[in-house]
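1. Okay, structure incoming, though there's no sequence with it:
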């Protein structure tokens, strides 16, 4: 048998959690056509990847990303491709860039004009320019609310509600994998449980569709947030993916068992509930997300108008001072400026709110409001709000996958002067290097399963996330003795080491540690390949 590519002599770990074995992999026309000793075919195969001493496994599926626009700007997806990611799940936390209804704001760094209104148009844009990694889209609840003009903290009208259901159904018909919510992020956060159940129930007639939720992680809600997610899935008859499970309230550190107990109880009752997490003790968000919900009503323009009215700004300051996310206590040292839009504030990147407040002679709340105002809300932070013990607990949880909550970017252009979260560059090699090899927590097979087989099952992929004959050749080859993340909070724009080869749909995207420029990725459709 002839092959286009042979991966020779590696330890093949197939992604289902079973032990690896040393063998060869033959690839023909983008699919795996043999997993066996292929010594006789080496001399007639155009491309041979030597994998002795390395692991060959399925390409990593990042179950939780925000690469919707960055893969338009940066179709090479370098920060993820170098990690071994071959598929990005976009549209998380309620935010997708379709459907638009003419009410979606332009995003940071969007290349040119957005020329789509729905998932079909977005897919056409991506495929026309090419992309290096695959994309699996979700429909965002906030996008549905924006597209129907439902931006305030009030129930949608009957017409708005019908329109949201219609748009969601259209997105599902166009191949979306499900719907996501961002229940601490307006306008998704303005919805009550019944609204979300009714929308999620639209998906119940579609095979392999699921509900992904950035839940209401407000003060005192660390348990109730998961209970609400379970209730939504149960009432809507859809599986649930609980996004980036963590504990951000310092008063609850160490209580991870209470959170997973809710998931375990639901699963014992027959509900399909899983979660994902990322291996860092810091999160990232826009500063405005820390403001009370009423301040954010109506979108960015309305928010800025409130901040620029002295009387209203005083009220904003007073209410914000009571705590963030409904009463979590303030400490300004953990809040670090990651990105700004203006040149005048470029020097503030990397500084904490405490430092900026001291520089400007104001308190931390006012320093944050000033930045939001001056940057027209285009300012993001990294927030150090978690502890390592909880990270290790959730990573070891049997029903937790790995999802970066990061973006696929390149380290040039608009990102060059920013300090994004290192998860953009290091999530997957960090798990393999730190938590498998250096500070052993989980086995190599379990780690790979959390990055491949588990998310593939959640997405309903028939032939991705596993190495077997007939499967699509999304494959990573890495050195288990050297694989490491090297991106840091102070120096995030650094690609990992120890991952010399990444193939997407059978084509090399990373070859001998260098991005090839190839764009073999596709926008995947639910139920498709």
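-> It's in. Quick caveat, the model's predicted, so the values are computed rather than measured.
2. Scan this protein for its longest helix.
-> For the chain, the helix reaching the highest residue count under DSSP state H is reported as helix 158-173.
3. average pLDDT for that one?
-> Summarised as a single mean, pLDDT over helix 158-173 is 97.
4. Show me what counts as buried in that helix.
-> By neighbour count on 16 or more other C-beta atoms under 10 Å, the buried set for helix 158-173 is 160-161, 163-165, 167-172. Where you see a C-beta, it was placed from the backbone N, CA and C, and this is true even at glycine.
5. Next up, the contacts around residue 135.
-> When the contact criterion is C-beta atoms under 8 Å, 6 or more residues apart in numbering, the partners of residue 135 are 67, 71, 87-88, 90, 126, 521-524.
6. For the residues you listed, which entry has the maximal number of neighbours?
-> Within those, most neighbours by other C-beta atoms under 10 Å means residue 88, with 31 neighbours.
7. Kindly confirm my reading that that residue forms part of a helix.
-> No: looking at residue 88 with DSSP: H, G, I helix; E, B strand; the rest coil, it is strand, so not inside a helix.
8. my guess is it meets residue 80, correct?
-> Yes: in this structure residue 88 lies within contact range of residue 80 using C-beta atoms under 8 Å: 6.3 Å.
9. Spit out the residues that contact those two alike.
-> With contacts taken as C-beta under 8 Å, 6+ apart, residue 88 and residue 80 have 62, 65, 67, 133, 408 as neighbours in common.
10. Pick the one among those residues closest to residue 430.
-> Taking C-beta to C-beta as the measure, residue 430 lies nearest residue 62 of the shared contacts of residue 88 and residue 80, at 13.0 Å.
11. Quick check, that closest one in contact with residue 92.
-> No: the pair residue 62 and residue 92 does not pass the contact test of C-beta under 8 Å, sitting 10.1 Å apart.
12. Pick out whichever of the two has more residues nearby.
-> Looking at residue 62 and residue 92 with other C-beta under 10 Å, you find the greater number of neighbours at residue 62, namely 32 against 27.
13. Low-confidence stretches in the chain?
-> Low-confidence segments of the chain, defined by pLDDT under 70, span residues 101-113, 529.
14. List the contacts of residue 204.
-> For residue 204, the contact set (C-beta under 8 Å, 6+ apart) comprises 236-238.
15. leaving aside the residues next to it on the chain, what's closest to the one residue sitting closest to the centre of the chain?
-> Nearest to the mean C-alpha position of the chain, by C-alpha atoms, centre = their mean, lies residue 65 at 1.9 Å. Excluding the flanking residues, the one nearest residue 65 by C-beta to C-beta, 6 or more residues apart in numbering is residue 88, at 4.6 Å.
16. partners of that neighbour in the sheet?
-> Legend: beta-bridge partners of residue 88 under DSSP bridges are residue 62, residue 135.
17. contacting residues for it?
-> Each residue near residue 88 by C-beta under 8 Å, 6+ apart is listed here: 62, 65, 67, 71, 77, 80, 133-136, 408.
18. What residue spans form the domains of this protein?
-> The record's domain split for the chain, according to automatic domain parsing, is 60-281+386-462, 290-383.
19. what's the most buried one of these?
-> The highest mean neighbour count among the domains of the chain belongs to domain 60-281+386-462 (a mean of 21), with neighbours defined as mean count of other C-beta atoms under 10 Å.
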